[in-house]
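K.L.:
Sequence and predicted structure below; questions after.
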Amino acid sequence: QVQLVESGGDLVQTGGSLRLSCAASGSIFRLNAMGWHRQAPGKQRELVAMSTSGTSIKYADSVKGRFTISRDNAKNTVYLQMDSLIPEDTAVYYCNAEVQAGRWTIAQNYWGQGTQVTVSS
């Protein structure tokens, strides 16, 4: 089993910054990808940013230039630096990881419990 634990969500004013962290633990042979999704009330969950085990990084158009995803592979941790926050960024942010538990096992997808980010106007 793999556990993803997020932290860093908070209430912040428009224009402010937050840094989210997500640490993966458990049976991990390789983390193929780690990233963040978010879900606002009444809306579908959407991709925010994703980092693969190589150098590929993808951002949602709505956060490009404001959010930065980074990884510490030694700590199995992914971060999301969020700057110039706006009320539309208000959502529950979920960590997501594609994990290979063993050399010969198929990678599986895991989700964290979510952390609330609220941006006040």
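P.N.:
Okay, I see it.

K.L.:
Show me the contact partners of stretch 48-61.
P.N.:
30-38, 46-47, 63, 67-71, 78, 80, 93, 96 (Cβ atoms under 8 Å, 6 or more residues apart in numbering). Yep, even glycine has a C-beta here, placed from its N, CA and C like the rest.

K.L.:
Strands along this protein, start to end?
P.N.:
2-7, 11-13, 18-26, 30-39, 46-52, 57-59, 67-72, 77-82, 91-100, 108-111, 115-120 (DSSP state E).

K.L.:
Any chance of a markdown table for those, columns mean neighbour count and mean pLDDT?
P.N.:
What follows is those, written out as a markdown table (neighbours: other Cβ atoms under 10 Å; pLDDT from 0 to 100):
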| stretch | mean neighbour count | mean pLDDT |
| --- | --- | --- |
| strand 2-7 | 16 | 96 |
| strand 11-13 | 13 | 98 |
| strand 18-26 | 18 | 97 |
| strand 30-39 | 20 | 95 |
| strand 46-52 | 18 | 96 |
| strand 57-59 | 15 | 95 |
| strand 67-72 | 17 | 96 |
| strand 77-82 | 22 | 97 |
| strand 91-100 | 21 | 97 |
| strand 108-111 | 14 | 96 |
| strand 115-120 | 17 | 98 |
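
K.L.:
what sits against the closest residue to Gln81 other than its chain neighbours?
P.N.:
Excluding its sequence neighbours, the residue lying closest to Gln81 (Cβ to Cβ, 6 or more residues apart in numbering) is Thr68, at 4.4 Å. Counting by Cβ under 8 Å, 6+ apart, Thr68 touches 49, 80-81, 83.

K.L.:
farthest-separated two in those?
P.N.:
Ala49 and Asp83 (12.9 Å; Cβ to Cβ).

K.L.:
gap between the residue nearest to Gln81 and Ala49?
P.N.:
Using Cβ to Cβ, to the nearest Å, Thr68 is found at 8 Å from Ala49.
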